[in-house]
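1. kindly generate the corresponding structure for this input.
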Amino acid sequence: MAEHTTRSADLVEQAVLVEHAGLVEQAGLVEQAGLVEHAEAIVRAATRAPSHHNAQPWAFRIRPDGVEVYADRSRRMPVADPADRQLLIGVGAAVYGLRLAVAGLGLRPVVTLLPDPARPDLAALVAGAGRHVPTAAEVRQSAEVGRRRTVRGPFTDDPLPVPLQVTLADVAAAEGMSLRWVEGAGERRGLAALVAAAEHEQQADTAFRTELASWVGGQVRQLRAGVPPTALGPTAGAGHAAEFPMRDFTGGGPGGPAAAPRPESHPAVVALVTPADRPADWLRAGQALYGLLLVASAAGYAASYLNQPLEIGRLRERVRDELRLPGYPQVLLRLGRPAGPLPPPTPRRPLAEVLRR
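-> Numbers count the residues shown, from 1 in each chain. Got it, this is the predicted structure:
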């Protein structure tokens, strides 16, 4: 990301989502802009959020006083995610993207989670409440919306800088979450064994493999969702030989057209932990996840997921015990500096499918 000599110049040049939102008018900050007028732009920005297997389980409706964010249950994965926990984490990430987009309009974003008990699919309302000058952090994160990638290829052996770890922890804490870095040799072996056990169990489950296959491969181009061949990561053999076994998206197949080599030997691994384990907590976890991914991207780092044991109830409990967590693990991340070029962006559903009129 380009460096700017002053904070004011930074705000003028990057106060909005440059690559996706198109919210710059004469290179100035849009003030008191109506949400309806910018509906397509802010929704397009929100849809760049990460989600489980890139299912994009969200929908949006723009009102004059805010943006309604819905969970699209038609995109749920009942085998791997029977409680829709990961689905709502993805929806929460989209909420965070909306927050950045609304801030870029010069409005203060205010989020209400699950605002109507009679409409359980209404996950959040993001309102624009009064004038707002985007913070330096919002500006930097907005600039990364189009650049952030999930990287399943190898990272360099460079350790994650301690100041970055502190910043990521601050981002999580701002959303009411905590981060638990997995650093000790014993706990790394214990967690790696749980990831390996979950990966083995899932790959032996026909129903799981069938569900996973529906989000991978040739249909991705048609669906504009899922994990394309360019994002599959290493082959099953290489991924399973890593310290923390990576998910085999191909069911033992050869991988993508340019399958990544064996991952690095010692990645940074962190758990995102919530104090409780309810739908609102899952939505908050998604907001924290997206925020820390954008911060990491701005520093030149990327992540992929080691969530296999969190998808099996008894193994999720063992993760909690193994790491002596004060709460509930929602996401397990592998973090590092990519050793090669970033993969192409994953596809996104057309606005006509996700923007409700």
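
2. from now on I want contacts and neighbour counts done on CA atoms only, so please keep to that.
-> Will do.

3. check contacts around the spatially closest residue to L306 that is not a sequence neighbour.
-> Leaving aside its chain neighbours, L306 sits nearest to L332 (5.1 Å; criterion: CA to CA, 6 or more residues apart in numbering). By CA atoms under 8 Å, 6 or more residues apart in numbering, L332 lies in contact with 269-272, 305-307.

4. low-confidence regions, the stretch 1-150 of the chain specifically.
-> Within the stretch 1-150 of the chain, the segments meeting pLDDT under 70 span 1-33.

5. and the next helix or strand past the helix or strand harbouring L293?
-> Per DSSP states H and E, L293 falls inside helix 279-298. Reading on from helix 279-298 to the C-terminus, the next helix or strand found by DSSP H and E is strand 302-305.

6. residues touching that following strand, excluding its own?
-> Under CA under 8 Å, 6+ apart, the answer for strand 302-305 is 148-152, 246, 293, 296, 331-338.

7. so which of those are in strands?
-> 331-336 (DSSP state E).

8. before we move on, back to that, just the contacts of L332 now: which is nearest V79?
-> N307 (14.1 Å; CA to CA).

9. helix, strand, or coil at the residue nearest the centre of the chain?
-> Nearest residue to the geometric centre of the chain (CA atoms, centre = their mean): P50, 3.4 Å. Under DSSP: H, G, I helix; E, B strand; the rest coil, the three-state class of P50 is coil.

10. let the chain start at 7 from now.
-> Happy to do that; since the first residue is 7 now, the last one works out to P56.

11. who's in contact with it?
-> Here P56 is in contact with 62, 96, 99-100, 296 (CA under 8 Å, 6+ apart).

12. for the residue nearest to L312, list each beta-bridge partner.
-> A277 (DSSP bridges).

13. quickly note the distance from it to E144.
-> L338 sits 24 Å away from E144, going by CA to CA, to the nearest Å.

14. ok, W187 next?
-> 25 Å.

15. again with E249
-> E249 is 35 Å from E144, by CA to CA.

16. swap in A286?
-> A286 is 23 Å from E144, by CA to CA.

17. settle it for me: which of the two has more neighbours?
-> A side-by-side neighbour count of A286 and E144, using other CA atoms under 10 Å, places E144 first with 23 against 18.

18. that one reaches L106, doesn't it?
-> Yes: in terms of CA atoms under 8 Å, E144 counts as a neighbour of L106; the distance is 6.3 Å.

19. how about the nearest residue to D122, chain neighbours excluded?
-> L128 (7.0 Å).

20. partner residues bridging the one you found?
-> Y76.

21. got the contact list for it?
-> 74-77, 120-122.

22. do you know how far it is from A99?
-> 15 Å.

23. cool, and T216?
-> 26 Å.

24. of the contacts of L128, which is the most crowded?
-> That'd be V75 among the contacts of L128, by other CA under 10 Å, with 27 neighbours.

25. residues touching that residue, list them.
-> With the criterion set at CA under 8 Å, 6+ apart, V75 makes contact with 64-67, 97, 101, 128-132.

26. over to L94?
-> Going by CA under 8 Å, 6+ apart, the list of residues near L94 reads 77, 285, 288-289, 292.

27. what is the nearest of the contacts of V75 to L200?
-> Distances from L200 to these, taken by CA to CA, are shortest for V97, at 26.8 Å.
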